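A.B. asks: generate a structure from the sequence data that follows.
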Amino acid sequence: MPLSRRTFLASTAAALVPAWGRASTMRLTAEPVVAQILPEGSGTTPSLGFNGSTPGPVLRVRQGDELAVTFENRAGEPSSVHWHGIRIDNAMDGVPELTQDAVPDGEDFQYRFVTPDAGTFWYHSHDRSWEQVARGLYGPLIVDERKPPDVDADIIVMIDDWWLEKTGELRDDFSSMFHFSHGGRLGNFAKAIVSRPSVPEGDRVRLRLINTSNARVFPVDVSGVEGSLVALDGMPLKALRPIGTIHLAPAQRADIIADVAGDIEFSFWTGQEHYPLATINAERSDSTPRTYPIVPLPPNDVATTNGDADMHVTLRMQGGAMGGRHPGDDIWSFNGVSGLQESPWLQLQRGTAVRMTLVNDTFFPHGIHLHGHHFHELDREGSLGPLRDTSLVDSRDSRDILCVFNNPGKWLLHCHTLGHSATGLKTWVEVA
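C.D. replies: Model (predicted):
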C-alpha cells in the first residue's frame, strides 16, 4: 500500500464533538477502541483512544479558565497525558521520568491547570508515545479567545498518517529499528479528519490544522478559500500572511480565517503527486458574503524581548542512519548526549532570555519541541519571527530561536518525531 492517490480513501466526516463547554471538571478515559480509518467496508483498525474514539473528544475551554481532568487509564498499559503547547504548571505537564510517574493501567490521575493562552492546542499520550500516539491516543484542545473572531464556522482539521495492513490493522512494528534510525514511522495511508463535512459557500470559517502524525512533515495546500494565515502553534501572528503551502512538522498547528469560495480541499505534495487528505463540501447559499476584512487575532501575553538574549547556546542534533552512532537506545543525541540525564542540560533563573542555535547534523528533519514555553523563531538576519512551541530544522541546516524561560520547573526539550525522541533525541531544562 504505497502512499499514492490510488490508495487514498476519502476521509470520513467523523465528528469531533466537544465533550463539554466551560465546565471545570472532565473525564478522559484511555481505552482500546476500533477505528474506521479506512472507509466502510475496507476493514477496521483496532486502536487506542479516549472516551471511545480516536481522535479523542474536543476539549474546549475559554482563555483563563481552569481545566480539571480526571484521566482514567484503561489502555492496558501505563500512560500519561501531555497538554501540547499549554504554558502549564510543571507538575501537570504529563512527562514520565520528569514531572510524574506514568499512570498504571486501571488507575486514575488528576490534571488541573489554567489555560493562559487562546489558540489551537492538542493533547496526547507521553508514555511510549511513539506507539501510543500511533495507536490513536490524542485529541484536540481548543482554548477560545475571550472575544472570539466573527466566523460562521470553527472547524478542526486533524492530519495524520498510519502504517496499515491491507485489512486495516496497524502494522505491529512500533519499535522498528529502521523507523527509529531513519525518518520515523512514516505511514502508507494519510487523511485529515474534519469536524464538519460541509459549509455554505460565502461563509467565513476558521480552520484549525493540527499535525498529529508520529513523523511526517506535511506541506499542506488548502484550496477553495480566500483568506489569511492568522496563527501558528496557537500563537497569533502580528501580521496576516498569505495561506500558501503550510509546512507542518509533527505537533505543529496553523489557523486560517477565510471565506468559502468553493469546496475546501486539503492535500499535500508527496514529491510525485498531490495526495488528497479531505474535502469540506461547499453548499449553495443565498447569504451575503462579508465585506469587512479579516484582522489579526488578539495577542497572547507571552514573555518576550526585543531580540536581546542573556546567553547564547548551541543544541546540535547528531546520529541516526549514516550518522555514526552505534545501534541501541542511543541512536540519536543532542551535543553527544543521548536521552535524559540526572542533571539538566541548562539550569536557568526565571526570566532568563536564551538564544538557541539548533544545528541539524543529521540526514533527517527534526521538529524540536519545548515544553511549558513558547519561543520566537529568528530569521537569518536575527529578527524576531513568529512564536512557536515546535520548530522544524531541516537536514544539514540550522535555526535560531529565542525564549524567555519564565515558567519554573523541569521542562522537556525533544524531537517530536516520536521514535527519535525515544532513542535519544531529548534533554531537559530546569527553571528556578
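
A.B. asks: now the strands for the stretch 51-200 of the chain?
C.D. replies: In the stretch 51-200 of the chain, the strands defined using DSSP state E, counting those that start in this stretch lie at 59-62, 66-73, 81-84, 108-114, 119-125, 138-144, 153-162, 189-194, 198-200.

A.B. asks: just give the nearest non-adjacent residue to Leu59, would you?
C.D. replies: Leu141 (4.7 Å; Cβ to Cβ, 6 or more residues apart in numbering). Every residue, glycine included, has its C-beta placed from N, CA and C.

A.B. asks: who are the neighbours in contact with that neighbour?
C.D. replies: 58-60, 83-84, 86, 121-123 (Cβ atoms under 8 Å, 6 or more residues apart in numbering).

A.B. asks: partners of it in the sheet?
C.D. replies: Leu59, Phe121 (DSSP bridges).

A.B. asks: ok, the closest residue to Tyr138 other than its chain neighbours - contacts?
C.D. replies: Excluding its sequence neighbours, the residue lying closest to Tyr138 (Cβ to Cβ, 6+ apart) is His124, at 3.8 Å. By Cβ under 8 Å, 6+ apart, the residues touching His124 are 81-82, 84, 132-133, 137-139, 212.

A.B. asks: Arg396 now?
C.D. replies: 360-363.

A.B. asks: of those - the most surrounded one?
C.D. replies: Within the contacts of Arg396, most neighbours by other Cβ atoms under 10 Å means Thr362, with 25 neighbours.

A.B. asks: list the residues that contact that one.
C.D. replies: Contacts of Thr362 (Cβ under 8 Å, 6+ apart): 317-320, 323, 332, 395-396.

A.B. asks: for it, give its distance to Gly424.
C.D. replies: 11 Å (Cβ to Cβ, to the nearest Å).

A.B. asks: got the domain boundaries for this structure?
C.D. replies: Per automatic domain parsing, the domain ranges recorded for the chain read 5-283, 311-431.

A.B. asks: let's have these in TSV, adding mean pLDDT and distance to Asn300.
C.D. replies: Below are the domains of the chain laid out as TSV (pLDDT from 0 to 100; distance: least, Cβ to Cβ, whole Å):
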stretch	mean pLDDT	distance to Asn300
domain 5-283	93	4
domain 311-431	95	8
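
A.B. asks: of those domains, which is nearest Ala303?
C.D. replies: Closest approach to Ala303 among the domains of the chain is made by domain 311-431 (4.1 Å; Cβ to Cβ).

A.B. asks: mind listing the helices for the stretch 1-150 of the chain?
C.D. replies: 129-132 (DSSP state H, counting those that start in this stretch).

A.B. asks: what of the stretch 151-300 of the chain?
C.D. replies: Under DSSP H, counting those that start in this stretch, the stretch 151-300 of the chain gives helices at 177-181.

A.B. asks: would you mind checking the contacts of His124 for buried ones?
C.D. replies: 81-82, 84, 132-133, 137-139, 212 (16 or more other Cβ atoms under 10 Å).

A.B. asks: excluding its backbone neighbours, what's nearest Gly168?
C.D. replies: Per Cβ to Cβ, 6+ apart, closest to Gly168 is Gly43, 2.8 Å.

A.B. asks: how about the one you found, phi and psi?
C.D. replies: phi 100, psi 150 (degrees, to the nearest 10).

A.B. asks: show me the contacts for it.
C.D. replies: 166-169.

A.B. asks: and what of Gly183?
C.D. replies: In this structure, Gly183 makes contact with 215, 364-365, 417, judged by Cβ under 8 Å, 6+ apart.

A.B. asks: repeat that for 10 Å
C.D. replies: 215-217, 320-321, 363-366, 395, 417, 419-420 (Cβ atoms under 10 Å, 6 or more residues apart in numbering).

A.B. asks: tell me the centre residue of this structure?
C.D. replies: Ala251 (2.0 Å; Cα atoms, centre = their mean).

A.B. asks: my guess is that one contacts Thr212. True?
C.D. replies: Yes: under the criterion of Cβ atoms under 10 Å, Ala251 makes contact with Thr212 at 7.8 Å.

A.B. asks: show me whatever sits in contact with both of the two.
C.D. replies: Here Ala251 and Thr212 share the contacting residues 84, 122, 124, 133, 138, scored by Cβ under 10 Å, 6+ apart.

A.B. asks: distance of the third one relative to Asn51?
C.D. replies: Meaning His124. 14 Å.

A.B. asks: where do the strands of the stretch 251-400 of the chain begin and end?
C.D. replies: 253-269, 274-283, 311-319, 332-334, 346-348, 352-360, 366-370, 375-378, 384-388, 390-393, 398-405.

A.B. asks: what packs against the last one?
C.D. replies: Packed against strand 398-405, as judged by 3 or more Cβ pairs under 10 Å, 6 or more residues apart in numbering; DSSP states H and E, are the following elements: strand 311-319, strand 346-348, strand 352-360, strand 366-370, strand 375-378, strand 384-388, strand 390-393, strand 426-431.

A.B. asks: buried stuff in the shortest one?
C.D. replies: Neighbour-count burial for strand 346-348, with 16+ other Cβ under 10 Å as criterion, is recorded at 346, 348.

A.B. asks: what sits up against that strand?
C.D. replies: 310-311, 313, 315, 352, 354, 356, 403, 405-406, 408, 411, 413, 427-432.

A.B. asks: tell me if I'm right that Ala432 and Gln349 touch.
C.D. replies: Yes: if you go by Cβ under 10 Å, Ala432 and Gln349 touch, sitting 6.1 Å apart.

A.B. asks: residues in contact with Thr390?
C.D. replies: Counting by Cβ under 10 Å, 6+ apart, Thr390 has contacts 84-85, 211, 232-233, 248-253, 367-370, 374-375, 414-416.

A.B. asks: how near is Pro39 to Ile280?
C.D. replies: From Pro39 to Ile280 the distance is 17 Å (Cβ to Cβ).

A.B. asks: those two: which has the busier surroundings?
C.D. replies: Neighbours of Pro39 and Ile280, each counted by other Cβ under 10 Å, are more numerous for Ile280; the result is 26 against 12.

A.B. asks: coming back round to it: intersection of neighbour lists for Thr362 and Gly424?
C.D. replies: 317-320, 325, 332-333, 415.
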